[in-house]
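**Q** Test case, fold it:
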Amino acid sequence: MKTISPLVYQNLDPKQRVVACVEALARGDEAEDRRLSESCPKLTYVQTDRRFEDTMHDLLGLAMAIEADLKECVLGSGCIDFRRAA
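**A** Model prediction:
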């Protein structure tokens, strides 16, 4: 098997790298699959604190559930008529 220049691995775009990995796996070339995976660029991502995002998501879901209950109460027959209960 001929040796592929490391420069070729470095210049693969994500789609090309996936195709090459699938082809290597299909022919049972685990060494090539490993070289492709190990030469893949390593990226660092920055995001908002996940705990904050999860809490805000949960609060939004809760607010939507309360809104849905209130709409049902006002528009449907789900509300108790407090005037009659008194």
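
**Q** Give the helix, strand or coil label for residue 40.
**A** Three-state call for residue 40 (DSSP: H, G, I helix; E, B strand; the rest coil): coil.

**Q** How about the helix or strand residue 36 falls within, which residues are buried there?
**A** According to DSSP states H and E, residue 36 maps onto helix 30-38. Of all the residues in helix 30-38, those buried under the rule 16 or more other Cβ atoms under 10 Å are 32-33, 35-36. (Each C-beta comes from the backbone N, C-alpha and C, glycine too.)

**Q** what about residue 29, how many neighbours?
**A** 16 (other Cβ atoms under 10 Å).

**Q** For it, give its distance to residue 41.
**A** 21 Å (Cβ to Cβ, to the nearest Å).

**Q** quick revisit: for the helix holding residue 36, name the packing helices and strands.
**A** helix 14-26 (3 or more Cβ pairs under 8 Å, 6 or more residues apart in numbering; DSSP states H and E).

**Q** switch to 10 Å and redo it
**A** Under the contact criterion of 3 or more Cβ pairs under 10 Å, 6 or more residues apart in numbering; DSSP states H and E, helix 30-38 touches helix 6-10, helix 14-26.
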